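> Below is the sequence, then the predicted model.
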Amino acid sequence: QVQLVESGGGLVQPGGSLRLSCAASGSIFTIYTITMGWYRQAPGKQRELVATITSGDSTNYADSVKGRFTISGDNAKNTVYLQMNSLKPEDTAVYYCNQYLKVATGPNYRYLEVWGQGTLVTVSS
């Protein structure tokens, strides 16, 4: 199966920066990226969209992170990044990577939506 491996979370002071990354892997598949994104879930709240990017580099951001966060992707590596600057305590959450992929084995292919395991970002002094 295809798996997403996230990294980059941690504790940071308000105003600081963090960079998250998420790579897809699946040894028997050829993977083609369609869209990639980041979502987050704070304690006691529903999961919400943070940012998405398509294989054509079209991006979309939640209003709460516009101007502070930047999403980017490397289609060849099936990897998505989230650069987070000017972090605020309200950005504290578990951040989840999401990728919508076309996976192929020889002439056969299917579409697959995959979630990462989540990485905790804590913004606190």
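Looks like it came in fine. Residues are numbered from 1 along each chain as shown.
> Now residue 26. Nearest residue, chain neighbours left out?
Leaving out its chain neighbours, the residue that sits closest to residue 26 by Cβ to Cβ, 6 or more residues apart in numbering is residue 2, at 3.8 Å. All C-beta atoms are positioned from the backbone trio N, CA, C, and that covers glycine.
> Can you get me a residue count around that neighbour?
Per other Cβ atoms under 10 Å, the neighbour tally for residue 2 reads 17.
> Touching, it and residue 25? I think so.
Yes. Contact criterion Cβ atoms under 8 Å: residue 2 and residue 25 qualify, at 7.0 Å.
> how about low-confidence regions in the protein?
The model of the chain has pLDDT under 70 over residues 27.
> any chance you could map the strands in this protein?
Along the chain, the segments classed as strands by DSSP state E run 3-7, 10-12, 18-25, 30-41, 48-54, 59-61, 69-74, 79-84, 93-105, 108-115, 119-123.
> now, of these, which is deepest in the fold?
Of the strands of the chain, the one with the most neighbours on average (mean count of other Cβ atoms under 10 Å) is strand 79-84, at a mean of 22.
> could you give the angle of it to strand 18-25?
Taking axes from the mean of the first three to the mean of the last three Cα atoms, to 10 degrees, one finds strand 79-84 and strand 18-25 inclined to each other by 170 degrees.
> Packing partners of strand 79-84?
With contacts taken as 3 or more Cβ pairs under 8 Å, 6 or more residues apart in numbering; DSSP states H and E, strand 79-84 sits against strand 18-25, strand 30-41, strand 48-54, strand 69-74, strand 93-105.
> Using CSV, please lay out those together with distance to residue 115.
Below are the helices and strands packed on strand 79-84 laid out as CSV (distance: least, Cβ to Cβ, whole Å):
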stretch, distance to residue 115
strand 18-25, 10
strand 30-41, 8
strand 48-54, 13
strand 69-74, 16
strand 93-105, 6
